[in-house]
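J.: Here is a sequence together with a model predicted from it:
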There are 2 protein chains.
Amino acid sequence: MNFDNLDANLDPNLDPWRHRYADRASFLKSSEIRALFAVATRPEIVSLAGGMPYLDGMPFKEMGEKVKELIETRGTEMWQYGAAQGFERLRELVLDICGLEGVKSTKENVVITSGSQQALDYITRIFINPGDVVLAEAPNYVGALGVFRSYQARVQNVKIDKDGIIPEKFEQLLERLDRAGERVKFLYTVPNFHNPAGVTMSEERRPKILEICKKYGILIVEDNPYGLLSFDGSVLPSIYSYDYDSKLGFAPNVVYLGSFSKIMAPGFRVGWMVAPNGIRDKLVLSSESAILCPSNASQMTLVTYLENFDWKKQIRKFREIYKERHSAMVEALGKYLPNCTYNDPTGGFYIWLKVPEGINTKAIQNECLDAGVAYVPGRGFYADGKGDDHMRLSFCFPTPEQITEGIKRLSTVINKY
Amino acid sequence: MNFDNLDANLDPNLDPWRHRYADRASFLKSSEIRALFAVATRPEIVSLAGGMPYLDGMPFKEMGEKVKELIETRGTEMWQYGAAQGFERLRELVLDICGLEGVKSTKENVVITSGSQQALDYITRIFINPGDVVLAEAPNYVGALGVFRSYQARVQNVKIDKDGIIPEKFEQLLERLDRAGERVKFLYTVPNFHNPAGVTMSEERRPKILEICKKYGILIVEDNPYGLLSFDGSVLPSIYSYDYDSKLGFAPNVVYLGSFSKIMAPGFRVGWMVAPNGIRDKLVLSSESAILCPSNASQMTLVTYLENFDWKKQIRKFREIYKERHSAMVEALGKYLPNCTYNDPTGGFYIWLKVPEGINTKAIQNECLDAGVAYVPGRGFYADGKGDDHMRLSFCFPTPEQITEGIKRLSTVINKY
């Protein structure tokens, strides 16, 4: 099996339009994850690659009934154009969800998007001129790196340890960038159960990171798809919560991103942002320009779910499932790959595995696929080509038995070296 | 009622981030249509403003039942992530729709988007550097102008008459732009029942416009949301059809845009593109970067509709409805506004009305809203501030009675001047 072919586009010399594209088009690149999609869904492969949530436990039968009613009674609204900012009732309801993590605001400051990915696209669109700097934890979410690159941002790696961004080093970095006259536009951070690093920013560091950003006039983009998915049910206050200004009704220095993709279902492509007024206005105009409006059908279905089902209980159920799968992976790693190291996550979907010296996770990928296991090689999570000594393992989608089998297969390749 | 307030953002001086935005952010502007949305939906107003399709005749009851089944039986797929290019079965089925207008291809060359608006966003994203030129019929679709502006394209007006783009003048224009060394990236055209002009490009001119574009190496972006909605059921061959190369399996010089928004329902936000291989690859990467993937829930619902219902019959029904409404508008215009002129459309949603000299359609907008009728002032449809002597009237959404009443109200203001 030759995985590399999957990533190969046509010979670009065959494209007669190749001299006509915009500069930014050359920065569009297929991500390591998406390129794996076709292979990783083959039945003989145990996929520890994707970030697909487990959905089997959703109330499909009851939701089928409710959606039927919805179409029958409100079909003309559900299937019609809506507002660029999003469906009003959904903008209210998402505040109940992120309110659990200390995000207070009003529906006026909420903008609905086609998943958090589109929120990132809009934020980058309105802030980044080619050459502007985005600060981002390294390693970083591969989808974010793709967006930043597509707008020709320069990504400046921010060092993390097991408690997230290190305040002292972060401040030194900002000082240095400031002296160099760099146009730093925002810090992009995934503070909870970081993708891929599995790290959570400690409670103590959150206000410190905020203060440093305020001192240097840097906006924080807080991306939080996993925050409610800790294994023990604990929830940390968002960075947003430390910046909230009750007179304003929002946090003036933070754009907060939330998503239904990990706590309910990604197939609707619905996420949200909570943003300060001025930025919110530009984000709404971005939505209008990019898609006119998000899907009423998707949004009203989610309202139906939130209003009719015990979504908090469902999240607790998901937590239990992911906790069990995480345990299975940790156990298998201890048994089959004792020479690999990792920071053990307390929630989320991923383990960021460091392989023994001398092994290149991209180089052994095809061999591992032949052995029947898929993972995401580490290099996709760095803007600068690092990461070949790491791989991302997901425990969200496969069963505990599949996870054990997958790690066992992985070990047959890794332990050869 | 002060309509202007609706369009007013916050005092931008109050936004502390105002010095940090990207250059392109200053080109984001609320469209005349979207700004009207709130006012035009008030019950006392007859809205001749929006392009909302009539949906009451859709089979909501039967679709409710089918979607219920779909969620019950294929919920885990429907609510999961999908492919960036779009759901495979839908990519096949849309070719049955645009096949009616001579668009042949395979599912490999189809890319699903969140409505045609997103297709335009992607195309502009991959082709336009700031300052590049887009050719577009003037007046033009306001949503397209918004996208072009947001990527800092310069829009070059292309003259049209009652048969669409005038080949001789078009060629002179390209000649002039070529001599001036302009970087012309593509022609954007709405050949059928043009929004807002109501004009259809004649069959005779279509191959001519194609040949001129080929001569100058200009890509054609053919946007065709209304093509199946002629009043008499006639259908013209797409520009794409003249360029189709059976050896390649696609048209090498045309990106064709189709949409469910006008022939079925806009609330799913689903449209599609048919593109040459090289461009297709870049569009798929754009989709991945912007939203990861379109909504499986929306796409599978549309597959269910197309596979289970007589969608061609439904389109015939829509045609009858729009034909009747168009007649009501033409009759009312003859009775109440005999001094206004227009090119009578043979399909679509719009009449582009020229008001008597001396009347400015933007200036009298608030007075007309006070009289209980909304329309879209003409200036939004030009990139260069023209159009104040025109307004766009839609006959798609209001009933024939409302249309008559709306034109009557309009006449009470216009006939004063």
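T.: Looks like it arrived, so ask away.
J.: could you measure the closest residue to residue A:230 other than its chain neighbours against residue B:30, distance?
T.: In space, and not counting its chain neighbours, residue A:230 is closest to residue A:347: 3.6 Å by C-beta to C-beta, 6 or more residues apart in numbering or on different chains. For glycine as for every other residue, the C-beta is placed from the backbone atoms N, C-alpha and C. According to C-beta to C-beta, to the nearest Å, residue A:347 stands 40 Å off from residue B:30.
J.: Same check on residue A:350?
T.: Applying C-beta to C-beta, the value for residue A:350 to residue B:30 is 40 Å.
J.: ok, those two, which is more surrounded?
T.: Regarding residue A:350 and residue B:30, a neighbour count based on other C-beta atoms under 10 Å in any protein chain shown identifies residue A:350 as having more, with 24 against 21.
J.: Please report phi then psi for the more buried one.
T.: For residue A:350, the backbone dihedrals (degrees, to the nearest 10) come out as phi -130, psi 150.
J.: can you check residue A:275 too?
T.: Dihedral pair for residue A:275: phi -140, psi 150, per degrees, to the nearest 10.
J.: The nearest residue to it once chain neighbours are set aside: helix or strand, and which one exactly?
T.: Closest residue in space to residue A:275, ignoring its immediate chain neighbours: residue A:255 at 4.6 Å, by C-beta to C-beta, 6+ apart. Following DSSP states H and E, the helix or strand that holds residue A:255 is strand A:254-259.
J.: State whether residue A:108 is indeed within a helix.
T.: Yes. According to DSSP: H, G, I helix; E, B strand; the rest coil, residue A:108 belongs to a helix.
J.: Now do the contacts for it.
T.: By C-beta atoms under 8 Å, 6 or more residues apart in numbering or on different chains, the residues touching residue A:108 are A:249, A:280.
J.: distance of it from residue A:284?
T.: Residue A:108 sits 11 Å away from residue A:284, going by C-beta to C-beta.
J.: Ok, residue A:228 next?
T.: As judged by C-beta to C-beta, residue A:228 and residue A:284 stand 26 Å apart.
J.: now the strand holding residue A:255: mean pLDDT?
T.: Strand A:254-259 shows a mean pLDDT of 98 in the predicted model.
J.: just stretch A:226-239 next, same as before
T.: For stretch A:226-239, mean pLDDT rounds to 97.
J.: so how far does that stretch reach from one end to the other?
T.: Across stretch A:226-239, the terminal residues are separated by 14 Å (C-alpha to C-alpha, to the nearest Å).
J.: for stretch A:37-53, same thing?
T.: For stretch A:37-53, the first-to-last residue distance is 14 Å (C-alpha to C-alpha).
J.: do stretch A:297-317 as well
T.: End-to-end span of stretch A:297-317 (C-alpha to C-alpha): 26 Å.
J.: does any part of that stretch sit near chain B?
T.: Yes. Counting by C-beta under 8 Å from any C-beta of the partner chain, contacts between stretch A:297-317 and chain B involve A:297-298, A:301.
J.: ok, of those, which one's closest to chain B?
T.: Closest approach between these and chain B, by C-beta to the nearest C-beta: residue A:297, at 4.7 Å.
J.: Tell me the secondary structure at the closest one.
T.: Secondary structure state of residue A:297, per three-state DSSP, is helix.
J.: Which residue is the nearest non-sequential neighbour of it?
T.: Distances taken as C-beta to C-beta, 6+ apart put residue B:267 closest to residue A:297, at 4.7 Å, once the chain neighbours are dropped.
J.: I'd like the distance between that neighbour and residue A:195.
T.: On the measure of C-beta to C-beta, residue B:267 and residue A:195 end up 31 Å apart.
J.: Please identify the buried residues of stretch A:231-243?
T.: Under the neighbour-count criterion of 16 or more other C-beta atoms under 10 Å in any protein chain shown, stretch A:231-243 has A:231, A:236-243 buried.
J.: Present these as CSV; the columns should include distance to residue A:392 and secondary structure.
T.: Below are these laid out as CSV (distance: C-beta to C-beta, whole Å; DSSP: H, G, I helix; E, B strand; the rest coil):
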residue, distance to residue A:392, secondary structure
A:231, 18, coil
A:236, 22, coil
A:237, 27, coil
A:238, 24, coil
A:239, 24, helix
A:240, 26, helix
A:241, 29, helix
A:242, 29, helix
A:243, 30, helix
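J.: would you put the C-alpha positions of the strand holding residue A:255 in CSV?
T.: Presented in CSV, the C-alpha positions along strand A:254-259 are these (Å, rounded to 0.1, in the frame of the first residue of the first chain):
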residue,chain,number,x,y,z
VAL,A,254,-10.9,37.3,24.0
VAL,A,255,-12.7,35.7,21.1
TYR,A,256,-14.1,32.4,22.4
LEU,A,257,-14.8,29.5,20.1
GLY,A,258,-17.2,26.7,20.9
SER,A,259,-18.4,23.7,18.9
